[in-house]
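Novice: coordinates only, no sequence provided:
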RNA sequence: GCCGAUGUAGUUCAGUGGCAGAACAUUCCCUUGGUAAGGGAAAGGUCGGGGGUCCGAUUCUCCCCAUCGGCUCCA
């Protein structure tokens, strides 16, 4: 399949070349579900041109064009590509050079390719969209136009994929979140700053309460810290020099500079340092739902999954070297338990190793990376290694959850920190009565409530499980005459989140409304139910499940709790 | 931040160089109902914001803001 998609990319390039002779080519590989080619043209092409290019491609495919491979010398290549500056740039890094020829389009390419366009199905591809992309993925390079295409073996596969994508778009948390009264954005408030609506606030509190209980069981102590602090805190921590472009400009008050906090760590460190710590206290675990502000570049914002103000379920653990493995193990186990509780079964785990720029010693990095590895292996967890993807202060394990469009979002993160204990000169008193530097771990289980809720909405397509639903039960009186009985039923169910739909609408309309709101249970009450002290139960996704006494209904929902 | 697209009522969207349109939602009236939209009326707009061209700009143009698709980035 990859060979086919890659060959499509070449036919795309050939067709563009025929339509736009002045085109300069970047690269054009196969990707998941299709292919792309990066190009530069004098007159920029736009979405309306795609159809024309597509038709040209079909024409070319029908010509049974043969893919001819040739090995050539660098000199020959420089001659062939003398009008293709990007190809010449790529050529610089190549040793063995081969080219593929498809009529007038010659590409620097090691292949493999199909024999001829006979193998391409002209009905199983589609040019999808265009976008800008930096040459070689580097911001400093010029931006080329990337033409994306989809390609499959059969027309049916293409149609299935398009259908799947359409369904995925219907799960988009940005649309569902507003419809379900969870959150909103407002131009005047500012980008990346969500406003939490009543239903969303209930959801946040449910999640917070659950995490609070879970962490307490695991010996965490909760703290709360301010939203701003003196700039020197983050100068000491090193964040100011390393991440300044992502920190909101300082607030100048009475000659003193304050920052909106971009991270909670320094505050937690201050609490650790507020008294002399003994080895007997370790591990010390401090947790906070800490709201931080980061100035993310405008083009990177995305609904709730990438925002500028967000609340982390942040915690820091300080321990001794010989406690490291056990603590990491607990963190990982706990993280996975929590993801399972929320219904996430598909995620990817990454171990990120030392980047080029780093704090701490090589020895320390080795030990910590080994510890992370050991823990992953002990739990028999599959993971990918993200080489050099660690933060400058230490290696980490990330758990990424996929959203409806198959994009991965980092939620859980467990990080070792060699930087802050040094910079803040942290120590505890060991058994021998000497000062010793503790190991420091950062962790967040949900990553941020914002991102987590965004992914959660998409995961369930808005139909949150019973325990997470802001409104669990809605009582729908057949007519106004039964509002009183509806309120009596509500009283009986007061340990749940119940609402009565007491407006003057037809029952069909009320049901429709309740279904749109994705309420887990709708209880319909009228003459019949009032007389027999029952409710007619309509379960989300199942429809009418019959008349139940209130006790019977309680037994049903108790299982959902 | 960069490339491209978009911005009209609370929402989803038509439309136009010369008085601004629909559906849903809202308010009121009628209807009191049995498992996904009962009927009618009213109200609702600086056509994202600011400059420019024009007798006249929501429409053309420039700048800004915001959103969307990517790229880059993501402690």
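Specialist: Yep, that arrived. Keep in mind that what you see is a predicted model, and the values were worked out from it rather than measured.
Novice: for residue A:344, give me phi and psi.
Specialist: Per-residue torsions, residue A:344: phi -90, psi 120 (degrees, to the nearest 10).
Novice: just give the nearest non-adjacent residue to it, would you?
Specialist: Setting aside the residues directly before and after it, residue A:344 is nearest to residue A:401 in space (CB to CB, 6 or more residues apart in numbering), at 5.4 Å. (Each C-beta comes from the backbone N, C-alpha and C, glycine too.)
Novice: same check on residue A:332?
Specialist: residue A:375 (5.7 Å).
Novice: Three-state assignment for the one you found, please.
Specialist: Counting by DSSP: H, G, I helix; E, B strand; the rest coil, the backbone at residue A:375 sits in helix.
Novice: my guess is it contacts residue A:329, does it?
Specialist: Yes: judged on CB atoms under 8 Å, residue A:375 makes contact with residue A:329 at a distance of 4.9 Å.
Novice: and the residue of the stretch 1-150 of chain A that's closest to RNA strand B?
Specialist: residue A:132 (2.5 Å; CB to the nearest atom of the strand).
Novice: ok, back up a step: neighbour-wise, which of residue A:375 and residue A:329 wins?
Specialist: Neighbours per residue, other CB atoms under 10 Å: of residue A:375 and residue A:329, the larger number sits with residue A:375, 23 against 16.
Novice: where does pLDDT dip in the stretch 51-200 of chain A?
Specialist: Applying pLDDT under 70 to the stretch 51-200 of chain A picks out no residues at all.
Novice: what's the longest helix in chain A?
Specialist: helix A:198-217 (DSSP state H).
Novice: for that one, buried residues please.
Specialist: A:199-200, A:202-204, A:206-207, A:211-212, A:214-215 (16 or more other CB atoms under 10 Å).
Novice: before we move on, what about stretch A:356-363?
Specialist: Neighbour counts using 16+ other CB under 10 Å place A:358-360 of stretch A:356-363 among the buried residues.
Novice: please apply the same query to stretch A:218-234.
Specialist: Neighbour-count burial for stretch A:218-234, counted by 16+ other CB under 10 Å, picks out A:220, A:223, A:225, A:229, A:231, A:233-234.
Novice: and residue A:405, what pLDDT?
Specialist: On pLDDT, residue A:405 comes in at 63.
Novice: right, I mislabeled it, should have said residue A:318
Specialist: 97.
Novice: partner residues bridging it?
Specialist: residue A:284, residue A:440 (DSSP bridges).
Novice: if we can go back for a sec, helix or strand: which one has the residue of the stretch 1-150 of chain A closest to RNA strand B?
Specialist: Residue A:132 belongs to strand A:125-134 when elements are defined using DSSP states H and E.
Novice: give me the contacts around that strand.
Specialist: A:8, A:12, A:26, A:34, A:38, A:45-47, A:50-51, A:53-54, A:57, A:140-152, A:158, A:162 (CB atoms under 8 Å, 6 or more residues apart in numbering).
Novice: domain ranges for chain A?
Specialist: Following automatic domain parsing, one gets these domains for chain A: A:2-165, A:175-226+A:262-459, A:471-558.
Novice: can you report how many residues neighbour the residue of the stretch 251-400 of chain A found nearest RNA strand B?
Specialist: Relative to RNA strand B, the nearest point of the stretch 251-400 of chain A is residue A:299 (2.0 Å; CB to the nearest atom of the strand). Per other CB under 10 Å, the neighbour tally for residue A:299 reads 6.
Novice: wait, a helix at it?
Specialist: Yes: assessed with three-state DSSP, residue A:299 lies in a helix.
Novice: list the contacts for it?
Specialist: So residue A:299 contacts nothing (CB under 8 Å, 6+ apart).
Novice: surely residue A:235 and residue A:244 touch.
Specialist: No: using CB under 8 Å, residue A:235 makes no contact with residue A:244, being 10.1 Å away.
Novice: looking at these two, which is more packed in?
Specialist: Neighbours of residue A:235 and residue A:244, each counted by other CB under 10 Å, are more numerous for residue A:235; the result is 15 against 12.
Novice: so which helix or strand takes in that one?
Specialist: helix A:231-237.
Novice: who does that helix touch, helix- and strand-wise?
Specialist: Other helices and strands packing on helix A:231-237, by 3 or more CB pairs under 8 Å, 6 or more residues apart in numbering; DSSP states H and E, are helix A:239-243, strand A:256-260, helix A:265-272, helix A:420-423.
Novice: can you pull the contacts of the residue nearest to residue A:332?
Specialist: Residue A:375 neighbours (CB under 8 Å, 6+ apart): A:325, A:328-329, A:332, A:397.
Novice: one more: residue A:240?
Specialist: So residue A:240 contacts A:231, A:234, A:247, A:259 (CB under 8 Å, 6+ apart).
Novice: how far away is it from residue A:81?
Specialist: Distance from residue A:240 to residue A:81, counting by CB to CB, to the nearest Å: 46 Å.
Novice: and what of residue A:55?
Specialist: Applying CB to CB to residue A:55 and residue A:81 gives a distance of 28 Å.
Novice: these two: which has the busier surroundings?
Specialist: Legend: neighbour count by other CB under 10 Å for residue A:55 and residue A:81, higher for residue A:81 (20 against 13).
Novice: thinking that one is in contact with residue A:108, fair?
Specialist: Yes: the pair residue A:81 and residue A:108 qualifies as a contact (CB under 8 Å) at a distance of 6.7 Å.
Novice: which neighbours do those two share?
Specialist: The contact lists of residue A:81 and residue A:108 share A:87, A:91, where a contact means CB under 8 Å, 6+ apart.
Novice: centroid-nearest residue for chain A?
Specialist: Nearest to the centroid of the C-alpha atoms of chain A, with distances taken as CA atoms, centre = their mean, sits residue A:409, at 1.8 Å.
Novice: tell me the confidence at residue A:242?
Specialist: Looking at residue A:242, the pLDDT reads 88.
Novice: for burial, what's the neighbour tally of it?
Specialist: Residue A:242 sits with 17 neighbouring residues when counted by other CB under 10 Å.
Novice: can you list the residues of the stretch 251-400 of chain A near RNA strand B?
Specialist: Counting by CB under 7 Å from any atom of the strand, the stretch 251-400 of chain A comes close to RNA strand B at A:262-263, A:294, A:296-303, A:306, A:391.
Novice: same thing with the stretch 51-200 of chain A?
Specialist: A:129-134, A:137-139, A:143, A:145-146, A:174, A:185, A:187, A:190-192.
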